[in-house]
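Participant: mind folding the following:
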Amino acid sequence: MWIFEVSEWFRLLEQEPSKTKLKRSTPKIIWRVIFNIVNFSKTKSLYRDGMAPMVKSTSRPKWQRLPPKNVYYYRCPDHRKNYVMSFAFCFDREEDIYQFAYCYPYTYTRFQHYLDGLQKRNMDYFFREQLGQSVQQRQLDLLTITSPEDKSDLENSVMQKKIKIPKLSLNHIEEDGEVKDYGEEDLQLRHLKRPEGRKPSEVAHKSIEAVVARLEKQNGLSLGHGTCPEEVFVEASPGTEDMDSLEDAVVPRALYEELLRNYQQQQEEMRHLQQELERTRRQLVQQAKKLKEYGALVSEMKELRDLNRRLQDVLLLRLGSDNLREGAEKKVVFITGRVHPGETPSSFVCQGIIDFLISQHPIAHVLREHLVFKIAPMLNPDGVYLGNYRCSLMGFDLNRHWLDPSPWAHPTLHGVKQLIIQMYNDPKTSLEFYIDIHAHSTMMNGFMYGNIFEDEERFQRQAIFPKLLCQNAEDFSYSSTSFNRDAVKAGTGRRFLGGLLDHTSYCYTLEVSFYSYIIGGTTAAVPYTEEACILGGSPQAWASPHPAENMKLGRNVARTFLDYYRLNPLVEKVAIPVPRLRKEKPPPYKYPFLRGPASNHPNGKGDKKSSVSHRDPSNSF
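Facilitator: Okay, the predicted model is just below:
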């Protein structure tokens, strides 16, 4: 039995069993090993709901989950009554190196390669900059995704480009589109130029023809004088100077007959070849006409596409969104992730958001035209690089130091906070959203944490975005979403910025399960996979109208911003109902008994965690 002491996140590397110090009884024995991961502190765990560690090996490089039946989560008295996760594994290949992980890994190196690949694409609406450095001098990347201010519609430049049709000579096509009839004398393709003079093959052909003709003439004259068939005949080619010296030569009759047969066969082959060339010429003429019609059709389709996209802008935005008109102040959406380095699903969700925003999807195009997305995908690069689960290099939980981050102990957090304060003080900038992406180790589905405000209207409006996200993503649970003001969360980004920003800004913590989601109306857990559910899928799946195919949380978060800005002006003016895709129970709300000044910070010693049942704030619109 091998024992590894880790806190929560783990990634183990095992060499082949034959290199261990364990003794082998036979060369082909299968090694069965029980791993014990000790010192878990939480009573509730997804390991009790079917979650299992990940494994891959040299010969099987794709991460896959172990069978849940081989995983156990229990309290152990030998470890100060903390919990232990044990799993059994059989090593079946001696030459392989095995790796085990808590969840799908997302390393700092992989993140840098991903950003390098985006930067090499030279997209004018994607900008990468270094906001600061960590304690170990790893860079803190800040991404800006928005259309340039001096840039017109992206598709207009494409629509103005004329299609290039292959340059075929259409001299044989009249203005009315009819094909000229050249008869049987001219069977050459009109786009081919004849060289000056005759080709060597033409000379040889004429020479053979002249020889055969004179042989036939000489043959008829000789036969008239009663000459025997075995006698020979003389023929010369008057068409060439090379044949003048052969006038006195004798030609056997057998050779003459063979030449005659060959000549007749060549004439027949030439007739077939000319017919094929004529058919080919007529086919090329028809294809040229079709290409001309196709070019006109493509131009018309591009014009219709441009008109359609303009109509989408009008229908989706300008009919119901006064606050996204050109000339208004810049509206900024700020997204952060990976402040806790072990919560790797947050990086997959963040990458899904980025991939969608830089895509050519019509919704992504509209969002780039009207919003500015600021994304800091990895707030704790040192912790990610070192393999920590929750803390930084110096042992700090960065998500508890937003109130007063140190420029030397928490440099990445300090840099992000200064940037947000700078944008908040800029009168030309409106920071609309702040979303911090995390992963949850005890709950399924995606859900959000929001703040509680003394202003009832603001408290109700902040429930709009989670409600819309629940409609777009079936792996997001509105019933698990909660709004609180716990004292222990005072140092988080959601709590601090929620108290700092004005009533037009909304701050959320987006949580995604380490393991799985449950679709409404069912009880079966669907495990998340790296490709299908978290990253956001392929561009073809983005356009799918079926909700069952739209379970990509990262992409759906980005799509929800368009729905929000389409409905938000109406919501602010009148109370309208928000439709539901499926029945969801109202989320739990934690609300303080005592009302004080409009602040999101704890009220000193008397401010303790308390909650009362509160009605669903979304029911009023």
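Participant: rest of the way, CA atoms for contacts and neighbours
Facilitator: Will do.
Participant: after the helix or strand containing V55, next one along is what?
Facilitator: According to DSSP states H and E, V55 maps onto strand 54-57. Using DSSP H and E, the helix or strand that follows strand 54-57 in sequence is strand 64-65.
Participant: direction included, what does that following strand pair against?
Facilitator: strand 54-57 (antiparallel) (DSSP bridges).
Participant: report all helices and strands that the longest strand seen in the chain contacts.
Facilitator: The longest strand of the chain (DSSP state E) is strand 429-440. On a contact count with 3 or more Cα pairs under 8 Å, 6 or more residues apart in numbering; DSSP states H and E, strand 429-440 meets strand 330-337, helix 345-357, helix 411-425, helix 493-500, strand 506-513.
Participant: I'd like to know which of these lies nearest to Y478.
Facilitator: strand 506-513 (11.6 Å; Cα to Cα).
Participant: parallel or antiparallel, which strands does the helix or strand following the closest one pair with?
Facilitator: For strand 506-513, the following helix or strand on the C-terminal side (DSSP H and E) is strand 516-518. Strand 516-518 sits in its sheet next to strand 525-527 (antiparallel), going by DSSP bridges.
Participant: pLDDT on the strand it pairs with, on average?
Facilitator: Mean pLDDT, computed over strand 525-527, is 88.
Participant: also stretch 451-464?
Facilitator: In this model, stretch 451-464 carries a mean pLDDT of 88.
Participant: give me the contact list for the strand holding V55.
Facilitator: 62-66, 96-104 (Cα atoms under 8 Å, 6 or more residues apart in numbering).
Participant: reformat these as CSV; add pLDDT and distance to N122.
Facilitator: Below are those laid out as CSV (pLDDT from 0 to 100; distance: Cα to Cα, whole Å):
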residue, pLDDT, distance to N122
K62, 92, 31
W63, 93, 32
Q64, 92, 35
R65, 93, 38
L66, 95, 41
D96, 90, 40
I97, 92, 39
Y98, 93, 38
Q99, 94, 36
F100, 94, 37
A101, 94, 35
Y102, 93, 36
C103, 91, 33
Y104, 92, 30
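Participant: list buried residues within those residues.
Facilitator: By neighbour count, with 16 or more other Cα atoms under 10 Å, the contacts of strand 54-57 hold 63-66, 96-104 as buried.
Participant: redo those as TSV? Include distance to A524.
Facilitator: Formatted as TSV, the buried ones among the contacts of strand 54-57 follow (distance: Cα to Cα, whole Å):
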residue	distance to A524
W63	22
Q64	19
R65	17
L66	18
D96	35
I97	34
Y98	30
Q99	29
F100	26
A101	24
Y102	22
C103	20
Y104	21
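Participant: ok, those vs D116, which is closest?
Facilitator: Checking these against D116 by Cα to Cα gives Y104 as the nearest, at 21.4 Å.
Participant: residues touching that closest one, list them.
Facilitator: M54, W63, T344, P345, E530.
Participant: what of N445?
Facilitator: Per Cα under 8 Å, 6+ apart, neighbours of N445: D475, F476, S477, V512, S513, S516, Y517, I518.
Participant: same thing but 6 Å
Facilitator: N445 is in contact with D475, F476, S513, Y517, counting by Cα atoms under 6 Å, 6 or more residues apart in numbering.
Participant: count the residues that sit near R566.
Facilitator: By other Cα atoms under 10 Å, 21 other residues sit near R566.
Participant: which strands and helices lie in contact with the helix or strand containing it?
Facilitator: For R566, the element it lies in under DSSP H and E is helix 553-573. In terms of contacts (3 or more Cα pairs under 6 Å, 6 or more residues apart in numbering; DSSP states H and E), helix 553-573 is packed against helix 345-357.
Participant: switch to 10 Å and redo it
Facilitator: helix 345-357, helix 362-370, helix 456-461, helix 464-472, strand 506-513, helix 539-542 (3 or more Cα pairs under 10 Å, 6 or more residues apart in numbering; DSSP states H and E).
Participant: shouldn't W408 be within a strand?
Facilitator: No - applying DSSP: H, G, I helix; E, B strand; the rest coil, one finds W408 to be coil, outside a strand.
Participant: counting neighbours, what do you get for E293?
Facilitator: Residues lying near E293 (other Cα under 10 Å) number 11.
Participant: nearest to R305, of the helices and strands packed on helix 553-573?
Facilitator: helix 362-370 (10.8 Å).
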